[in-house]
Structure formats: structure tokens, C-alpha cells
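Engineer: okay, sequence plus prediction incoming.
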Amino acid sequence: MTIDFAFASTIKGFMPDHEARRLYEISLEAAEKGPELEIGSYCGKSAYFIGTACREKGSVLFSVDHHRGSEEQQPQEEFFDPDLLDTEKDRIDTFPFFRRTLERAGLEDTVIPVVADSNTAGRMWATPLSMVFIDGGHSFEAASADYRIWQQYIMKGGLLVIHDIFYNPEEGGQAPRQVYETALASNLYDPLDMTGSLGVLRRL
Ligand code: SAH
Ligand code: MG
């Protein structure tokens, strides 16, 4: 295993080690089948784990983010980080951080940044994907749009992975859980074990 949790701890982001390890393991398996895609690059923490797996297998990761931050990451909100504020423009810009992570991690020839809103990136998409990791906006609107846009490209036997599924509303928003349940109810997916808040489904 080539992932380095000490290195990962230097990347800003939202992913505990046990979830990251599982994400790496399933990404390794999926990478054998084709390219992977994540929605929600932020500063590159999840891209480090997925991308490292892709590099080992000669695959690639498309990482989609407009880099302007989610609602809860804006000034005055719960997950605001002042380091990420572009003071000249007075708005969040995580792209320089993401880019630096790719460089430090040696992933510039594996991870393809797609600096765009998920809806825009998906509008003309046509490439089958071995894994889709949904970790973008956490409003119902954003999370269900990500599911609707991207799940149709998952290959047979490929994986749909959803972060931040909480069964107790006090732990977090319920949109990712709702998307997970929508996927289950579609009968297009088999649920695999969850790890923490990470839901993993296999496309039938
Ligand atoms: N996966 C990251 C965390 C992602 S945080 C990690 O491991 O640390 C969520 C990210 O989703 C933010 O960077 C935000 O800019 C992005 N985002 C929110 N809504 C989006 C949308 N509609 N399209 C693209 N990116 C979006
Ligand atoms: Mg998350």
C-alpha cells in the first residue's frame, strides 16, 4: 500500500483515515476497469486517495469542482476557512490548494481537474466511469443533481460511492443519505458494507 496518512494529514479536507483507507481500496479495484470521477475536489484530500489508486493501476481520476466552495464553506458559515479566501476577489478559491496537492502528491499525470459546476461538466459527458464519488454540495438540490447527472455513466460492476451519510440528523445534513436511499430504491445497485459515513454501491 502506497498511501501515506501523515502526508494526507497535511491536506485540508474532510475525511477520517478509516474512510480514506476504504476509499483507496475500492478505488484500486475500480481503477482496473476504467476512469474514475469525483464531485468535490476541495483541496485534494479525497483526490489523493483515489488518485493514488488510479496511478497504481494506470487509470485516471476526473475531479470536478467549481472551487468556489459549498454554502457551508462561505464566510460566516460553519466550515469557513479564512486561508481559502481570495482576498483580492473576496471569495473562496480552493483551486490553488488543489493544484498544489496534486503537485506534492505526484498526481499531475493522473488527476484531471475539471474546474466547473457539476451540471456544466456533465452536460456533454459521454465517458463510462468505473467509480463515481459524490462529495460535492450537500443541499438536497446539489446532491440529487450530482446523482442524476453522473450515475448514468457508471459501468456494469462499477461503484457509486457517497460521502457524509448520517442516520442521526445531529451529525450532519440528510441529503447524501437521501441520495443513497434513492439509489437503493432504483434496484440498479447492490449495497456493499458502509465505512463510517461512506456508502458504497455496486452497479448491477
Ligand atoms: N472531497 C473533499 C471535500 C469536498 S467539499 C475532501 O476529501 O476533502 C465539497 C466541495 O464541493 C467544495 O469544494 C465545493 O466547491 C464543491 N461543490 C459544491 N457544489 C458544487 C457544484 N454544484 N459543482 C461543483 N462543485 C461543487
Ligand atoms: Mg464529504
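Structural biologist: Sure, I can see it. Numbers count the residues shown, from 1 in each chain. Ligands and ions are numbered 1, 2, ... in the order given.
Engineer: let me know the helix or strand that A30 is in.
Structural biologist: Element membership for A30, per DSSP states H and E: helix 17-31.
Engineer: Provide the contact partners of that helix at residue level.
Structural biologist: Helix 17-31 is contacted by residues 1, 3, 5, 8, 15, 36, 45-46, 49-50, 52-54, 56-59, 130-131, 133, 158-159, 161, 163, 195-198, 200 when judged by Cβ atoms under 8 Å, 6 or more residues apart in numbering. C-betas here are computed from N, CA, C, even on glycine.
Engineer: cool, and stretch 57-65?
Structural biologist: Contacts for stretch 57-65 (Cβ under 8 Å, 6+ apart): 28, 31-32, 34-42, 44, 47, 50-51, 53-54, 94-95, 98, 110-116, 118, 121, 129-130, 136.
Engineer: check the offset of that stretch from the chain's centre.
Structural biologist: 11 Å (Cα atoms, centre = their mean, to the nearest Å).
Engineer: what comes up buried for stretch 2-13?
Structural biologist: Buried residues in stretch 2-13, counted by 16 or more other Cβ atoms under 10 Å: 3, 8, 11, 13.
Engineer: list the contacts for the closest residue to ligand 2 within the chain?
Structural biologist: At 3.8 Å from ligand 2, H163 is the closest residue in the chain, using Cβ to the ion. Contacts for H163 (Cβ under 8 Å, 6+ apart) come out as 15, 19, 40, 46, 133-135, 176, 197-199.
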